[in-house]
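>>> Following is a predicted model, sequence given first.
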Amino acid sequence: MCLLCNWAVALNSAAHVSSRRQVLRGAGTFMATAVAAPSLPLSVEAAPTKRKPLTPRSGKADWLFQNGKIHTANPSQPTAEAVAVRGNQIVYVGDMTGAAAWRGKDTKVVDLAGRMLMPGFIDSHNHLATLGVTKLGLNISGIVGKDKVLKAVREYVAAQPPGATLRGFGWSAHSTFGEEHPRREWLDEVTGDRPMYIMNADIHETWFNTAAMKAAGIGAHTPDPDPGKQYYIRNPDGSLSGLAIEGAAFPILMALGMTSRETVRESQRLTIERAPSQGLTSYFDAGALLGGESSSGNWVFEDLVARDKAGELPIRIVGTVYTRSAHDDPHAVAEELVRCAKKYRSEHFRIGACKMWTEGTFPAGTAKLLQPFEDGARGGEMFFTPEHIEAQIEAVQKAGFDMHVHVDGDASTRIVLNAFENVQKRLGPQGRRHTMCHVSLVDPTDVPRFGKLGVVVNGTPL
Ligand SMILES: [Zn+2]
């Protein structure tokens, strides 16, 4: 399960409504933009196939990779010995003899010496703007025991300039502190009145000190966002002990600037800048979760486009406009998608889909189920009516874009499949590549429907 999608449930329960979208509801402006939209994503996808094949006569390759085991992912030519590249285009895939024709005096030749070369990895569900920030600050992974952890925290705090945000990550329940929950008083001992949080390794739990609690304005009076699922560990008197579970940490994280422009930019050295070294060539961003509504993350798109134009974006990124609230108007969301796709676009960045969170998650017990759990728990309810989901799919498809729908329970999976089926009855597939992400639980009778509808299952572990 995608951890950020898990958190999105908490953001949903936070006080927010989509004010702009509600204003746009029924404004009647959708059709005009929808007519103009289809050329946007289609032209990007179609562009490479329209290129005229290049030959060595019109110029030699800039790069030649040869003498390796090259896996092409092309069934008609699964392996090759050499690949030649000119500019941003692969101009040759074949044997060494054919590759020689592409070699000029300025060609940079990489001898693979028998090693493997393959197309880059595409991360098909990530939260680029949001996930990197969970790995900033002090890394305490591998440090075992309260005393050793606090020693590391003391040294970290001493090394930070005054006013710097104190944060960290990497502890694990049980293995770091034994059976004890980490407490805010422990951190207070070494941080004094400077706020600090330390997320655990899988970001499900956040340890915080008293100053952080005060900075966020939370305390004994603060209700749990989703009791039993997203909540605070409390002392017997109801006061907060210093540990937030799941999205209950959001008030602290936001108060300490985790979603600020500076923090997100800092985190991109862990994501965008490291991507090529990990073999990643493309990211699908399933929602820049930086506030209550989709537009909260638009400044990230602006940054990425600016970065690309400056020649500093080393990967391709496909961004999304998202909807999570029943207050959102499907046509206004589609209109916003069209608007953003026009506005935020560069050679390596585009907005390509609408992300729709329809419910919580199976692990958190907030996904809609066909039958209760063995312990009698009944799971959750969807954020939208089936009619709303169908209307959203239809509006986005008519605008020429794909849907990326978050579902995790078997009941919700069926409802979303029904919605896709109904839309296809009216519109046909129209070449769309809709996806349903997570999809932890599917009734066996629904499994064949994905293939029939051409809806891609995006399993998305993290
Ligand atoms: Zn996600």
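Yep, that arrived. Numbering: from 1, shown residues only.
>>> Next, the buried residues of the strand or helix carrying A353.
Here A353 sits within strand 349-357, counting by DSSP states H and E. By neighbour count on 16 or more other C-beta atoms under 10 Å, the buried set for strand 349-357 is F349, R350, I351, G352, A353, C354, K355, M356, W357. In short, each C-beta sits where N, CA and C put it, glycine included.
>>> That one: how far from the chain's middle?
Here the centre of strand 349-357 is set off from its chain's centre by 10 Å, with C-alpha atoms, centre = their mean, to the nearest Å.
>>> Mind naming the longest helix for this structure?
Once the chain is assigned using DSSP state H, the helix that runs over the most residues is helix 410-427.
>>> Quick one: list the elements packing against the helix or strand just after it.
Sequence-wise, the next helix or strand downstream of helix 410-427 (DSSP H and E) is strand 435-438. Helices and strands touching strand 435-438, by 3 or more C-beta pairs under 8 Å, 6 or more residues apart in numbering; DSSP states H and E, are strand 402-407, helix 410-427, strand 456-458.
>>> The most centrally placed residue in the chain - nearest residue in space that isn't next to it in sequence?
Centrality entry for the chain: nearest residue to the mean C-alpha point is H127, 2.1 Å, by C-alpha atoms, centre = their mean. Counting by C-beta to C-beta, 6 or more residues apart in numbering, H127 lies nearest to L4, which is 4.0 Å off, once chain neighbours are set aside.
>>> tilt between the strand holding A353 and helix 410-427?
120 degrees (axes from the mean of the first three to the mean of the last three C-alpha atoms, to 10 degrees).
>>> Make sure V318 is indeed in a strand.
Yes: assigned with DSSP: H, G, I helix; E, B strand; the rest coil, V318 falls within a strand.
>>> Can you tell me what sits against the longest helix of the chain?
358-359, 367-370, 379, 382, 386, 389-390, 393-394, 397-398, 405, 407, 434, 436, 439, 441-443, 446, 449-450, 453, 455 (C-beta atoms under 8 Å, 6 or more residues apart in numbering).
>>> near the ion, which residues of this protein?
Within the chain, the positions adjacent to the ion are C2, L4, C5, A286 by C-beta under 5 Å from the ion.
>>> Identify, from these, the entry nearest to A341.
The nearest member of these to A341, counting by C-beta to C-beta, is A286 at 16.0 Å.
>>> now the strands for the stretch 101-250 of the chain?
Taking DSSP state E, counting those that start in this stretch to define them, one finds strands in the stretch 101-250 of the chain at 108-111, 116-117, 121-126, 138-139, 166-171, 196-200, 205-208, 232-234, 240-245.
>>> could these go into TSV alongside mean pLDDT and mean neighbour count?
What follows is the strands of the stretch 101-250 of the chain, written out as TSV (pLDDT from 0 to 100; neighbours: other C-beta atoms under 10 Å):
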stretch	mean pLDDT	mean neighbour count
strand 108-111	96	13
strand 116-117	94	13
strand 121-126	92	18
strand 138-139	96	18
strand 166-171	95	22
strand 196-200	96	26
strand 205-208	95	27
strand 232-234	97	18
strand 240-245	96	22
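>>> for those, which one sits closest to Q77?
Nearest of these (C-beta to C-beta): strand 116-117, 13.8 Å.
>>> Sort out which residues of stretch 260-275 are buried, please.
Applying 16+ other C-beta under 10 Å to stretch 260-275 flags T263, V264, R265, S267, Q268, T271, I272, A275 as buried.
>>> Contacts for it next, please.
128-133, 135-136, 165, 257, 281, 283, 290, 299-300, 303, 307, 313-315, 317.
>>> State the mean pLDDT of it.
Across stretch 260-275, the average pLDDT comes to 88.
>>> And stretch 364-379, by the same measure?
85.
>>> First-to-last residue distance for that stretch?
9 Å (C-alpha to C-alpha, to the nearest Å).
>>> Give the buried residues for that stretch.
A364, G365, T366, A367, K368, L369, G379.
>>> In contact with the closest residue to H125 other than its chain neighbours, which residues?
Counting by C-beta to C-beta, 6+ apart, T460 is the residue found nearest to H125 once chain neighbours are left out, at 4.2 Å. Going by C-beta under 8 Å, 6+ apart, T460 touches M1, C2, C5, S124, H125, C437, H438.
>>> how far does stretch 71-83 stretch from start to finish?
Taking C-alpha to C-alpha, stretch 71-83 runs 10 Å from one end to the other.
>>> so how far is it off the chain centroid?
How far stretch 71-83 lies from its chain's middle: 30 Å, per C-alpha atoms, centre = their mean.
>>> I'd like to know the average pLDDT value across it.
94.
>>> Could you chop this structure up by domain?
Following automatic domain parsing, one finds the domains of the chain at 3-46+270-458, 52-119, 137-255.
>>> ok, of these, where does mean pLDDT dip lowest?
domain 3-46+270-458 (a mean of 83).
>>> Run the chain-centre distance for that one.
With C-alpha atoms, centre = their mean, you get 11 Å for domain 3-46+270-458.
>>> Show me how to select, in ChimeraX, the buried members of the contacts of helix 410-427.
Per 16+ other C-beta under 10 Å, the buried members of the contacts of helix 410-427 correspond to this ChimeraX selection:
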select :358,359,367,368,369,379,382,386,389,390,393,394,397,398,405,407,434,436,439,441,442,446,449,450,453,455
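>>> out of the contacts of helix 410-427, which are inside strands?
With strands taken from DSSP state E, the overlap with these comprises V405, V407, M436.
>>> from the buried residues of stretch 260-275, which is closest to S175?
S267 (25.5 Å).
>>> Chain neighbours aside, what residue packs nearest to that closest one?
G132 (3.1 Å).
>>> before we move on, the earlier item: now for the contacts of T460: which two are most distant?
Longest span within the contacts of T460, C-beta to C-beta: M1 and S124, 14.6 Å.
>>> Now for the residue in the stretch 201-350 of the chain positioned nearest to the ion, how many residues are close by?
Nearest to the ion in the stretch 201-350 of the chain, going by C-beta to the ion, is A286, at a distance of 4.5 Å. A286 has 31 neighbouring residues, counting by other C-beta atoms under 10 Å.
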